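Novice: Below is the structure, and that's it, no one-letter string:
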């Protein structure tokens, strides 16, 4: 098991175990001394949250500190109450203790609301569902708990108000809890533990109110176990590594799970059930609830209908119209322009260097940046214009009623100005520009043609330096189709011009955190197009036959750095390279030229399923294994490599696909699958490596399941050789 994972698990499991022991001691002790032991549980939860925030470093600590403050106020109330009862032998009600107790509810609710707003902002559906639950529980609480206090003539008014305030505060807390639980999205373990703790607090409050109302409460009371459990679970949630994942932005699901409908449906009939009792004492509140719940349910049905309509037309991340809506909007705009004698401009925007943000800081930060860009564009367009998201970092703006090219260029300037200010995110601020292509139509054009022309102009803007706008010219259509041909021609001279580069991504031992090796990744520093990734280079190289000399250069450079750094080096080889008759000789020559032991080189087989079915590739891999070179199967998982590749390729390393790593902390089923794959790899004598590790909780889960090594942005993105060692060694000590 990974050392850090073991230590973190020991912290939060140990915290729960010690807390459970203290709770047992409290229940066994006399009321006076035991009360002060009980206060220690509340203080421990506050301390656990502070430690968890410092230990795991969530990007936004404010929600956790609000939750800690709420628990601190509850604990303060416990201290004042116990001092009055067991030191001064008084029991004033209401007292300063009640001020502290009741003050803790809004602070706790504020922390929970901040968490859910960061996870899924703008999810009005779960708010309405939570309000339905709140109305139903409010009616039940009034009938069972609040009205008896209101009718008790033996209580002073302030005592009645204080007594009613507690169940009323619980109803509000229930609405917040339901809002969080009903919101869609993945739920890491810390999420479940935290909200189990809140639910335990609600159950404890309900039990306390009931037993106090009917004079059956006696401290220490078994009901106090729920309060203790609440403190312990909330504290443990903050100590668990997955607490940092609670604030990750979620994309709304297209449908709600069935249990949502069951819970909300049950709540919806609750007021009507009380109405059937013919209870005249509570008729006003019951009727109000019976009227309000159907109205809320109707609002939810309307919202669901609108959501269903939007889901086929709206990008789920940015909430902008998608490509299908854009096409219709361009078509309508062209029809109006033809009748009015005006022009339509289609502005195609592609964010410059966005891939660098995604690769360096991860998809969560990239998504945050895209949402910010969408918001800026939405506010920058004129009334009557439209903006849509049509790709990963591509947006299209449609401007109507223009008089010519100058007004179209003015619209592009306005969009550039909107993007000029830095975009703040949870990790840093980004200054980003966009390359803009502009195509202008008078109404006779086809929408597809206009969009394609704007796209072609956008590529011209990128070629000429990025961060600029270009008007479409007819010559661009030929140039766009010739773009790939130009890249083909340029690639012939890339080695000669020393434009090829190797970047390196670290491979980390999940148990010790040590740097095991690096994976060499090809980049092409194109003089016009900028840095191009393997996904662009390899298909062209294979089609033109350049993959062999480029592969030879990669092998030679990788072995040079393996010797320089005295480190394991992973090199990717495609099937096209593996079937080449000279591949074994080239690998052997590179190892000998740089005096690198063969067991320090790992051949990562991309396209392993295809390689496993090619006799030449399998034969060459066997010869490489005989040299002492290690062989790794890439992208193993449900959507990647098949089991047949394991049998045929004789590999000794198995790389889990990043799509599986992404869900390892969220789904028990996925953990079972990954655990089984790790066990299969171990049984076959393979080392298990995980790709795409982005969070500490993923790292801990993978280590627990038996994964040996990992690569990902948790430690470092692919880096140029000049900075890779310092950057990696600096990060692995803290990751």
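Specialist: Sure thing, it's come through. Please read these numbers as outputs of a predicted model, since none were measured by experiment.

Novice: Surely residue 373 is in contact with residue 421?
Specialist: No: under the contact definition of Cβ atoms under 8 Å, residue 373 does not touch residue 421, with a separation of 11.4 Å. The C-beta positions use only the backbone N, C-alpha and C, and glycine is treated the same way.

Novice: More neighbours: which of those two?
Specialist: residue 373 (24 against 11; other Cβ atoms under 10 Å).

Novice: what about the more buried one, distance to residue 352?
Specialist: The spacing between residue 373 and residue 352, counted by Cβ to Cβ, to the nearest Å, is 12 Å.

Novice: show me what contacts residue 604?
Specialist: Contacts for residue 604 (Cβ atoms under 8 Å, 6 or more residues apart in numbering) come out as 519, 570-573, 632, 634, 655.

Novice: That one falls within a helix, correct?
Specialist: No: Residue 604 sits outside any helix when classified using DSSP: H, G, I helix; E, B strand; the rest coil, being strand.

Novice: and it, bridged to which residues?
Specialist: Beta-bridge pairing for residue 604 (DSSP bridges): residue 572, residue 632.

Novice: how far out from the middle of the chain is stretch 679-688?
Specialist: Counting by Cα atoms, centre = their mean, to the nearest Å, stretch 679-688 is centred 30 Å from the centre of its parent chain.

Novice: Report the buried residues of it.
Specialist: Neighbour-count burial for stretch 679-688 flags 681, 686-688 (criterion: 16 or more other Cβ atoms under 10 Å).

Novice: least confident pick among the contacts of residue 604?
Specialist: The member of the contacts of residue 604 with the lowest pLDDT is residue 634, and it reads 77.

Novice: Which strands or helices does the helix or strand that contains it pack on?
Specialist: Using DSSP states H and E, residue 634 sits within strand 630-636. Packed against strand 630-636 by the contact rule (3 or more Cβ pairs under 8 Å, 6 or more residues apart in numbering; DSSP states H and E) you find strand 601-605, helix 608-612, helix 615-627, helix 643-649, strand 653-656.

Novice: who touches the shortest one?
Specialist: Contacts of strand 653-656 with the rest of the structure, by Cβ under 8 Å, 6+ apart, involve 602, 604, 630-637, 646, 674, 677, 681, 686-691, 702, 707.

Novice: Helix 615-627 and the strand holding residue 634, what's the angle between them?
Specialist: Between the axis of strand 630-636 and that of helix 615-627 there is an angle of 130 degrees, by axes from the mean of the first three to the mean of the last three Cα atoms, to 10 degrees.

Novice: mind checking how far strand 630-636 is from the chain centre?
Specialist: On Cα atoms, centre = their mean, the centre of strand 630-636 falls 27 Å from that of its chain.

Novice: Then stretch 339-354?
Specialist: Stretch 339-354 has its average C-alpha position 31 Å from the chain's average C-alpha position, going by Cα atoms, centre = their mean.

Novice: Could you say which helix or strand holds the closest residue to residue 19 other than its chain neighbours?
Specialist: Of all residues beyond its chain neighbours, the one nearest residue 19 is residue 232 (4.0 Å), with distances taken as Cβ to Cβ, 6 or more residues apart in numbering. Applying DSSP H and E as the criterion places residue 232 in helix 224-239.

Novice: Which other helices and strands does that helix contact?
Specialist: On a contact count with 3+ Cβ pairs under 8 Å, 6+ apart, helix 224-239 meets helix 3-28, helix 31-56, helix 62-82, helix 189-213.

Novice: Of those helices, which stretch is the most buried?
Specialist: When you average the neighbours per residue for each of the helices and strands packed on helix 224-239 (mean count of other Cβ atoms under 10 Å), helix 62-82 leads with a mean of 21.

Novice: Sheet-wise, list the partners of the longest strand seen in the chain with their directions.
Specialist: Of all the segments of type strand in the chain, defined by DSSP state E, the longest one is strand 515-526. Partners of strand 515-526 in the sheet, by DSSP bridges, are strand 500-509 (antiparallel), strand 530-532 (antiparallel), strand 568-573 (parallel).

Novice: Out of the ones you listed, indicate the one that is most buried.
Specialist: Of these, strand 568-573 is the most buried (mean count of other Cβ under 10 Å), at a mean of 24.

Novice: What's the first helix or strand after that strand?
Specialist: Heading towards the C-terminus - elements assigned by DSSP H and E - strand 568-573 is followed by helix 575-578.

Novice: What residues sit buried inside that next one?
Specialist: Judged by neighbour count using 16+ other Cβ under 10 Å, the buried positions of helix 575-578 are 575-578.

Novice: Kindly report the same for stretch 520-533.
Specialist: Of the residues in stretch 520-533, those buried (16+ other Cβ under 10 Å) are 520-524, 526, 529, 532.

Novice: same question, stretch 349-357
Specialist: The neighbour-count criterion (16+ other Cβ under 10 Å) identifies 349-354, 357 as the buried residues of stretch 349-357.

Novice: Any chance of the residues you listed in JSON lines with secondary structure as columns?
Specialist: Putting the buried residues of stretch 349-357 into JSON lines (three-state DSSP) gives the following:
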{"residue": "349", "secondary structure": "strand"}
{"residue": "350", "secondary structure": "strand"}
{"residue": "351", "secondary structure": "strand"}
{"residue": "352", "secondary structure": "coil"}
{"residue": "353", "secondary structure": "coil"}
{"residue": "354", "secondary structure": "helix"}
{"residue": "357", "secondary structure": "helix"}
